[in-house]
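**Q** I need the structure of the sequence given here:
(2 chains)
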Amino acid sequence: MSDFLGARLLSRKSPREAARPSAGPSPGNRQRTGSPVPSLSSLRALDWFVFFLADVQTGFGAFVSVYLTTQKWTQTDIGLVLTVGAFVGLVGQIPGGAIVDATRSARWVGAVAVAAVGISAFALAVAPVFVVVFASRILQAGASCVLGPAIVAISLGLVGHRRISARLGRNAAFASVGSGLAAAGMGACAYYISDRAAFILVASMTVPALFALFHIRTHEIDPTKAHGGVAKPEHRNAMAGLLSLFEIRPLMIFAGCIALFQLANAAMLPLAASMMTLRSSQFATVLVATSIVAPQLIVALLAPWVGRKAEQWGRRPLLVLCFVALAIRGLLFAFLINPYLLMAAQLLDGVSGAALAVLVPLIIADVAGSTGHFNLAQGAVGCAVGVGASISTTLAGYVSDRFDSPTAFLMMAGFGLLGLTAAGLAMPETRPSASENDPSARD
Amino acid sequence: MCCHGAQMIEVGSSTRWTRCLQRLSLSTVATKTNGREATPTLGASARRFLCGRRRDKEVAALVALVLLAAQQPTIAATSSPQPAAAPPSQQPAASPPSPQPGAAPPSPQPNAAAPAPPPPAAAPSPQNDDTTKEEKTTVPATVVGGEQLESVLGIEALSSTGDDMGRIVDIIVDRTGQVRAAIIDFGGFLGMGSRKIAVDWRSLHFDPKKAGAVVVNLTKDQLRVAPVYKAAEPVVMIGGPGVKP
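**A** Residues are numbered from 1 along each chain as shown, chains lettered A, B, ... in the order given. As a prediction, this is how the structure comes out:
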């Protein structure tokens, strides 16, 4: 095994250096010095882990405010609790990434985080008093900051960088099916039984999630690969590591593009849903439900395809596609009146969602994978995303109150076009094998 | 103006930004559709907070809110109300001792026929009878059986045909203490896409046989076209005594 590690460390200098054809492992002896092939059961277990985890996370969105309303909370208190959770989720992204970087076993970190989410969901379902809900929101927000990088780290550890693209596509597919089914299930539960029952339903999904997590065989997760392929990061200090990430230009450009994306995208769904409620009487709820669930199904269908094409075509064309879908969606929302057409336009969210779900971890792995601060980089980009999303909802709310909703949609489409320009012009291609033909140089 | 017209709530002090907070958190679901987990929002709540003109009052109100709300034992109405030296109606509704919104009329009303009149009266607790105190001051109080009263916050609003119209999230009271409207959170799915609409109190009917729900004398169509409730601006209260669905 030391032979294997040595060979991999040699090829782990940087994407560009690794791309140079060297006397590295040839296809003939790749199996000997390359990564062990993970077993099918570990891969399946990862699939189901992602599925159930997405189930659980779905319950913590806007539904919390509905649930707390039924528990006779005032709007002030609800707003406070949600904001605190959002704040922790934003600020905790970078420490969360640093934590996953620092630990050798991403699996255990994930297990602790999933348990924390489960506890917070049960606490919320059982005792919705202020202190308990406050604590549970903070706990869940912190855990989700850790879980995002942890899942990508486990995936990298299992399949390595060459096959990570397809793997991320599969992860995104399972996650979106999970969250779509959870949304539908919660809606049905809330309608037929009660809101609390819906919460208990998603809380109970943590049990299968933990079960699936422990089915992933530990020895198949290579910790070196999980951390991007370096045994030790060059900067021991997380802060120094973070500062060193700022010097990676493609990473900064990418973070800016994604922040622009969220600036345009985050407020579109709530605003469009509000428009649907305004304009349709009979089927408003069904329309809104469909516009939440249907894009998830589209993500499930498209994400594996995106994963494969990202290897074939490169990352940039798909990033451009993502922004094009966003800009078209913004324009359609601004000009369409009919609520059914609004719902159809919302399906484009599935296209951008599928592209991003694969591309974000993939590009981060491409550019920051070999620094040893891969998860920290994920946390930093997650932070930028969160900032963009927050500004988006506030700005859109302000503009739609001050002027009207079509103006808000046009503004968001404008941000989308800005992001499109940035992605098209400034963003470099980060696919590692883009500059060479040897497919075995990078694993 | 830094703050956009956030829906202000009468109950729980005049903090504009707190409603913004709720709206900001909606982005968690929005970003979830992109396959990432719930990315949080903080939004410019802090920014707004700092640039608001009534910053000091709001800071004090927030601190008071958090402290008082944290003292609140449970939301269930069975907790004994804090023995109020002043009548409950004088609290600025920052932390109602019971989960009712701060719509307490100026004096406790005799409340034999419970549901029909404006909101269930905040009857001061029997502990205010003060028979145990030395100075023998007597305070008038009314005791009503618990099952005859209900908290109005969070109950379902149904149309006369039984359609679900949302939930009551707030009560609007004018300066004389008369209840004018209820704010109903109308529509949406799992919290997404709902709108807050002010419905005239006279369009609401409480059925003595149906606890936990209120009947609104309007159809869904009449309600959905109503403008969204924003506290700083003129409130459009849909309905009225003569409205027929």
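**Q** and the lengthiest strand in chain B, which strands flank it?
**A** Longest strand in chain B by number of residues (criterion: DSSP state E): strand B:164-173. Here strand B:164-173 has these sheet partners by DSSP bridges: strand B:156-159 (antiparallel), strand B:179-186 (antiparallel).
**Q** Highest mean neighbour count out of the ones you listed?
**A** For the strands paired with strand B:164-173, the largest average neighbour count (mean count of other C-beta atoms under 10 Å in any protein chain shown) is found in strand B:179-186, namely a mean of 24. Every residue, glycine included, has its C-beta placed from N, CA and C.
**Q** Buried residues, the longest strand of chain B. List them.
**A** B:165, B:166, B:167, B:168, B:169, B:170, B:171, B:172, B:173 (16 or more other C-beta atoms under 10 Å in any protein chain shown).
**Q** need the contact list for the residue lying closest to the first one once chain neighbours are set aside.
**A** This means residue B:165. In space, and not counting its chain neighbours, residue B:165 is closest to residue B:157: 4.3 Å by C-beta to C-beta, 6 or more residues apart in numbering or on different chains. Taking C-beta atoms under 8 Å, 6 or more residues apart in numbering or on different chains, we find residue B:157 in contact with B:164-168, B:182, B:184, B:199, B:204, B:213-216.
**Q** out of those residues, which one sits closest to chain A?
**A** Using C-beta to the nearest C-beta, residue B:167 comes nearest to chain A of those, at 5.5 Å.
**Q** what are the bridge partners for the closest one, then?
**A** What pairs with residue B:167, by the bridge criterion (DSSP bridges), is residue B:156, residue B:185.
**Q** Just to check, it is in contact with residue B:155?
**A** Yes - taking C-beta atoms under 8 Å as the definition, residue B:167 is a contact partner of residue B:155 at 6.6 Å.
**Q** Tabulate the strands paired with strand B:164-173 (CSV), appending mean pLDDT.
**A** As requested, these are arranged in CSV below (pLDDT from 0 to 100):
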stretch, mean pLDDT
strand B:156-159, 89
strand B:179-186, 92
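**Q** As TSV, the ones you listed with distance to residue A:199 would be great.
**A** Below are the strands paired with strand B:164-173 laid out as TSV (distance: least, C-beta to C-beta, whole Å):
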stretch	distance to residue A:199
strand B:156-159	18
strand B:179-186	18
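**Q** which one of those strands lies closest to residue A:285?
**A** Checking the strands paired with strand B:164-173 against residue A:285 by C-beta to C-beta gives strand B:179-186 as the closest, at 10.5 Å.
**Q** Could you check which helix or strand contains whichever residue of the stretch 101-250 of chain A sits closest to chain B?
**A** Chain B sits closest to residue A:172 of the stretch 101-250 of chain A, with a gap of 4.6 Å, by C-beta to the nearest C-beta. Using DSSP states H and E, residue A:172 sits in helix A:164-192.
**Q** which SS class is residue A:298?
**A** Three-state call for residue A:298 (DSSP: H, G, I helix; E, B strand; the rest coil): helix.
**Q** what sits against it?
**A** Contacts of residue A:298 (C-beta under 8 Å, 6+ apart): A:347, A:349, A:350, A:351, A:353, A:354.
**Q** which among these end up buried?
**A** A:347, A:349, A:350, A:351, A:353, A:354.
**Q** Out of these, which is nearest to chain B?
**A** So of those, ranked by how close each gets to chain B (C-beta to the nearest C-beta), first place is residue A:353, at 4.0 Å.
**Q** pLDDT (mean, whole number) over whichever strand or helix holds the closest one?
**A** Residue A:353 is part of helix A:348-368, with elements assigned from DSSP H and E. Taken as a whole, helix A:348-368 carries a mean pLDDT of 91.
**Q** That helix: how far from the chain's middle?
**A** The chain centre lies 8 Å from the centre of helix A:348-368; the measure is C-alpha atoms, centre = their mean, to the nearest Å.
**Q** and the next element down the chain from that helix?
**A** According to DSSP H and E, the helix or strand after helix A:348-368 is helix A:374-402.
**Q** do that next one and chain B meet?
**A** Yes - Helix A:374-402 reaches chain B (C-beta under 8 Å from any C-beta of the partner chain) through A:382, A:385-387, A:389-395, A:397-399, A:401-402.
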